[in-house]
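Trainee: Sequence plus the predicted model coming up.
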Amino acid sequence: MNVNFGWIDYFLGVVHLPQPDWLGSTSTSLVSVTLSDMVGGGSFDGILILAGLLGLDTELAGAAASDGASGWQVFRYITLPGLAPVLTIAVIFRTVDAFRKFELIQLETTGGPGISTRS
């Protein structure tokens, strides 16, 4: 997200789009920090949820589908309750990780511009 050397700004310049000051503007700094956090932590959550999906019993979903349940009903009544423990752990991990974000914000923006990203 560096204005001079960042790859996002490089590709925006190649296609002749405006190159905002991602971390230096009060309107884009909080969004930029949030997106960088999502990219950094989302992959672990994705792997965790994928492991939970692979551990679900497929026979229940097949039986519900053969009984006439729609895809939404299978998801709501079988898949989602089966993933509840995994989703709970993912939310706990992300909550704990959110308390450690001071260092990311401090490195990227030093809490600025102004107080727009102060934690």
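Mentor: Received it, and whenever you're ready, just let me know what you need.
Trainee: For the longest helix anywhere in the chain, list every residue counted as buried.
Mentor: Longest helix in the chain by number of residues (criterion: DSSP state H): helix 29-54. Across helix 29-54, burial judged by 16 or more other Cβ atoms under 10 Å covers 29-30, 32-33, 36-37, 41, 45, 52. C-beta coordinates here come from the backbone N, C-alpha and C atoms, glycine included.
Trainee: got those as JSON lines, with pLDDT and distance to residue 66 columns?
Mentor: JSON lines is the format used below for these (pLDDT from 0 to 100; distance: Cβ to Cβ, whole Å):
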{"residue": "29", "pLDDT": "79", "distance to residue 66": "53"}
{"residue": "30", "pLDDT": "78", "distance to residue 66": "49"}
{"residue": "32", "pLDDT": "81", "distance to residue 66": "48"}
{"residue": "33", "pLDDT": "79", "distance to residue 66": "48"}
{"residue": "36", "pLDDT": "78", "distance to residue 66": "45"}
{"residue": "37", "pLDDT": "76", "distance to residue 66": "43"}
{"residue": "41", "pLDDT": "70", "distance to residue 66": "39"}
{"residue": "45", "pLDDT": "86", "distance to residue 66": "32"}
{"residue": "52", "pLDDT": "93", "distance to residue 66": "24"}
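Trainee: how near is residue 34 to residue 7?
Mentor: As judged by Cβ to Cβ, to the nearest Å, residue 34 and residue 7 stand 19 Å apart.
Trainee: make that residue 65, sorry
Mentor: Taking Cβ to Cβ as the measure, residue 65 falls 45 Å from residue 7.
Trainee: Noted, bye for now.
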